[in-house]
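A.B. asks: Give me a 3D structure for the following:
(2 chains)
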Amino acid sequence: MTSSTESGERKIVTFSLSKRTFGIDMSALIEIREWEQPTPLPRVPSYIKGVANLRGNVIPIVGLAERLGWEPSVPHARSCILVASIGGKQAGFLVDEVADIVPINDSDIQSAPEIEIEETNVIAGLVQVAARVQENQTGEEEGTMVLLLDLEALSIMRHMDAAA
Amino acid sequence: MSDEFDEIQAIFFEECVEGLAAAEAGLSAMADGDTSPETIASVFRAVHSIKGGSGAFGHAALLAFSHRFENVLDEIRAGRIPATAGVVKEMLSAFDILSDHVTAAQEQSTPPVDGAMLAKLDEILATSGASATSPAEPIAPASSVSEVDVDEFGFTPVAAEIEEFDPFGFEPVAVALDDLDAPPDEEHADWRVRFGPSRAAVANGGEPLLVIREIERLGGHVVSVDSTALPGLRELDPEDSYFVWNISVPGSVDRAELNECFDFVAPDSLIEISRGDQSAPAAEEPLPTEAQVALPEEPAEPTQPAELPVRAAMPPDLTLVDNKSEATPVPKAAKSEKAEASQTIRVDLSKLDQLLNLVGELVIRGSILADRLSPPEQERVELPQLTRLNRQIQDSVMSLRAQPIKQAFSRVPRMLRELSAETGKQVALEVEGETTEVDKSVIEKIGDPLTHMIRNAVDHGIEMPEERIACGKAAEGRLLLSAEQKGARILVRVRDDGRGIDRERVRAKAIEKGIIAPDAVLSDEEIDQLICAPGFSTATTISNISGRGVGMDVVRSNVEALGGRVEIQSDPGQGTTFTMILPLTLAILEGMVVRLANQRFVLPLASVVESIRPEPGQVQAVSPTREVIELRGNYLPVKRLTEFFALDAEPSAPEDSLVIVVESETAGWVGLMVDTIDDRREVVIKSLEQNLHPIRGLGGATILGDGSIALILDLEALVAPSSSTSKHNLKGLAA
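C.D. replies: You can find the predicted model right below:
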């Protein structure tokens, strides 16, 4: 899912979720849509909010916060669905707010320490970015920690097996 | 091997499949008496291209066989071997082995045993077809024999020539035969070109192949290669040039155009251009008419067999005979057919599906727009026109996926030949409606059921020839394979004129197998249906054909899995008709839209028997978790779907709900309790697996007219008796 250029530079999309900033690789992103209540599915784990119609494709909508083990995010006016491609499949992720698109260097990524979620491997790494959104709120220039998500590791299907 | 190679090879195999289909169609037409030059040429072309590709991709066994096969076809095409019924029959057998070779090459498995067939082909070649078993009477009317001779450009020597090319790697030259589609100008004799590049020309990179290709573009082809100048290996100078190509170019080609081909050839090369007579260099006038008249009407037929081995040395006057016969009109159909064939492009199916998705979305967006705008506003923005256009686009895209059902029928002739050989029964096949267009998904899925139906018809329906004659029927049985479209359904029929279903025996067998009770009262139709019951087989001996553990029950379950059904109609002594009634596309389902806890679900309409608003007391609990509904004296199990799916809803009284009675494969009639019925409509099935995973009880999802998603219910999973295994099943599905 990485699209590193020769210099090791790539772009990530950052978004907020449960007051943390996350990032996913820009190359995996298909589109950002407004939150719209999906059609609920019976007999699925609660983090699968249902299915939605993406231009004729039926895609699952995942409550990312719940998937990561946090409090479910409550959809609000600025809630978005990030539609991403994961290993040939498409899925939408409910996030609180999309922040920015920022270039990062592979060399700036630090490996993730043990974090308080069940599967640490879903965090591909940590990276510092100068956060414009954050800047407005705090007035400080310092960078924000972004948790880079490994969408492949989030694999909805594999988790389903465990849940079943 | 590189991906690119594999990719090109995949294209080759696709072309092989097309070539085999064309060859089979041509051979079948020949078997039916159509021995016109175009038909024979179409078979030749098909086999020839398979040969060409097999050489290029190194499939030696395929190359060897197709080469021998092609030799015989070439002789037939040239009229030197008459297309008698016996010869055509052998050609069909050779074709079967050719298909096996293609399959073997594709699967990289062991090539089929073809020694016997090769020997037969050689024998045909050696005896000019006299060895082929059946009566030597030509199928074609006598007049067409000379037409066969007319062989558009006097190709005759080519087949022998190919042998000569191969060792030197000049394979592409032989491929030139494919391009023989330009009809000769009736008024001019063909150009005869002799081309022998000089040593200097070759040394300067004057690749003779390029020149030959250039000439081929004009419609010319290589008649022979004069290799007499080729010295023995010891004296051979690899840098020298020894060959002289004899090339025939249609007389209609302008001399100046022909000259242009040689513009870049070194001046000291041998270039002779003449009309008609090879021995007269630079003679541009057409031949004197007397010369033509003087030539024998049926060219050298008696001498043919002896001539075969020495064809390369064929004297010029003999070539002239062929050349002359070109003056007779040659049907031009072959050319236009070829032009049509090239008007197609290959598209990845997934791209079509993507297009279909997008168009579906376009239509939905259009209807959302229509909902939001008042009629005058709609007119103002010309929405109706847009909507119409959208529908047309949608129809066009759907039609892109449609293919003639011919593709599914193409395996049948061969299967029948094999069945005839195995059983000793004689069967003539008739095909109707093979141009009926069906969605590709259907074509892919009906092959197996069709195979079983035909095997069944030959094995159980059609009698042995003696038995048929004793019954006053023709010795040869008839099998009619037909397809027709009726509304949104496609009807595929297999009808035989055999003995019909032996109801006494079927009944006895069903009782013996415990399928029905000994005292059961059954109508004739019901007895006929028994042959589709699981575990039923009446064949007294387990034949190779129908006893492979695949009975009519498999046909039925396969067809039902496609959303269709099988009908059987039988007249004792007169024959049996099996009809598969299938949806036009597997991507579309006729469904009933129902509501559960205010969410919409789609139930396949095909399984709906009726819907009932229960009277108070009609639904009763038989255990804390099980309920039944009383329907005309029968008690049917009832499932509350809101509970099955654990939807948030107040349990409603049965009187406030609807019970939809459905017929299921595994559990018979079952009542499904839903809140209301919304609608009945055709829906496009979208899989959940594509982006998620299967969910028990759901067969997929669909997008309704307003763009929202409704889930499609999977009936069999819903009615499956045990709920305790659900967890296990879910795991199995998700894995």
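
A.B. asks: which non-adjacent residue is nearest residue A:109?
C.D. replies: residue A:125 (3.9 Å; Cβ to Cβ, 6 or more residues apart in numbering or on different chains). (Glycine included, C-beta is placed from N, CA and C.)

A.B. asks: ok, residues contacting the helix or strand hosting that neighbour?
C.D. replies: Element membership for residue A:125, per DSSP states H and E: strand A:123-130. Residues outside strand A:123-130 that contact it (Cβ atoms under 8 Å, 6 or more residues apart in numbering or on different chains): A:12, A:14, A:23, A:100, A:102, A:104, A:108-112, A:115, A:117, A:141, A:143-150, A:153.

A.B. asks: Low-confidence stretches in chain A?
C.D. replies: A:1-7, A:113-120, A:131-142, A:155-164 (pLDDT under 70).

A.B. asks: In space, what's closest to the residue in it that chain B sits nearest to - neighbours in sequence excluded?
C.D. replies: Per Cβ to the nearest Cβ, residue A:56 is where chain A lies closest to chain B, at 2.9 Å. Closest residue to residue A:56 apart from its sequence neighbours, by Cβ to Cβ, 6+ apart: residue B:357 at 2.9 Å.

A.B. asks: give me the number of residues near the one you found?
C.D. replies: The number of residues packed around residue B:357, counting by other Cβ atoms under 10 Å in any protein chain shown, is 20.

A.B. asks: residue contacts, it?
C.D. replies: Residue B:357 sits next to A:55, A:56, A:57 when contact means Cβ under 8 Å, 6+ apart.

A.B. asks: Adding distance to residue B:618, neighbour count and secondary structure, write the residues you listed out as a markdown table.
C.D. replies: What follows is the contacts of residue B:357, written out as a markdown table (distance: Cβ to Cβ, whole Å; neighbours: other Cβ atoms under 10 Å in any protein chain shown; DSSP: H, G, I helix; E, B strand; the rest coil):
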| residue | distance to residue B:618 | neighbour count | secondary structure |
| --- | --- | --- | --- |
| A:55 | 45 | 17 | coil |
| A:56 | 42 | 21 | coil |
| A:57 | 43 | 22 | strand |
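
A.B. asks: quick one: residue B:53 and residue B:15 touch, right?
C.D. replies: Yes. Residue B:53 lies in contact with residue B:15 (Cβ atoms under 8 Å); the separation is 6.6 Å.

A.B. asks: Could you look up the SS state of residue B:430?
C.D. replies: Put simply, residue B:430 is strand when judged by DSSP: H, G, I helix; E, B strand; the rest coil.

A.B. asks: do the same with residue B:232
C.D. replies: The three-state label given to residue B:232 by three-state DSSP is coil.

A.B. asks: residues from chain B in reach of chain A?
C.D. replies: Residues of chain B lying near chain A by Cβ under 8 Å from any Cβ of the partner chain: B:356-358, B:360-361, B:599, B:644-647, B:686-688, B:690-693, B:695-698, B:700-701, B:703, B:707-711, B:727, B:730-731, B:734-735.

A.B. asks: and residue A:148, bridged to which residues?
C.D. replies: With DSSP bridges as the criterion, residue A:148 is bridged to residue A:23, residue A:125.

A.B. asks: What's the local residue count around it?
C.D. replies: So residue A:148, with other Cβ under 10 Å, has 21 neighbours.

A.B. asks: okay but residue B:39 is in contact with residue B:32, surely?
C.D. replies: No. Residue B:39 lies out of contact with residue B:32 (Cβ under 8 Å); the separation is 9.8 Å.

A.B. asks: Tell me, what's the model's pLDDT at the residue of chain B found nearest chain A?
C.D. replies: The minimum distance from chain B to chain A, using Cβ to the nearest Cβ, falls at residue B:357 (2.9 Å). pLDDT for residue B:357: 82.

A.B. asks: so it sits in a helix?
C.D. replies: Yes. Assigned with three-state DSSP, residue B:357 falls within a helix.

A.B. asks: Which residues of chain A lie near chain B?
C.D. replies: Residues of chain A lying close to chain B by Cβ under 8 Å from any Cβ are A:38-44, A:48, A:51-53, A:55-60, A:89-91, A:156-157, A:160-161, A:164.

A.B. asks: Now, of those, which are buried?
C.D. replies: Buried members of these, counted by 16 or more other Cβ atoms under 10 Å in any protein chain shown: A:38-42, A:44, A:48, A:51-53, A:55-60, A:89-91, A:156-157, A:160, A:164.

A.B. asks: Among those, which lie within strands?
C.D. replies: Among these, the ones falling in strands (DSSP state E) are A:48, A:51, A:52, A:53, A:57, A:58, A:59, A:60, A:89, A:90, A:91.

A.B. asks: What residues are bridge-paired with the last one?
C.D. replies: Going back to what we said before, that points to residue A:91. For residue A:91, the beta-bridge assignment (DSSP bridges) gives partners residue A:84.

A.B. asks: Same check on the first one?
C.D. replies: Beta-bridge partners recorded for residue A:48 (DSSP bridges): residue A:62.

A.B. asks: Also residue B:684?
C.D. replies: With DSSP bridges applied, residue B:684 shows beta-bridge pairing to residue B:588.

A.B. asks: For it, the count of nearby residues, please.
C.D. replies: Using other Cβ under 10 Å, residue B:684 has 17 neighbouring residues.

A.B. asks: For it, list the residues it contacts.
C.D. replies: B:360, B:587, B:588, B:589, B:702, B:703.
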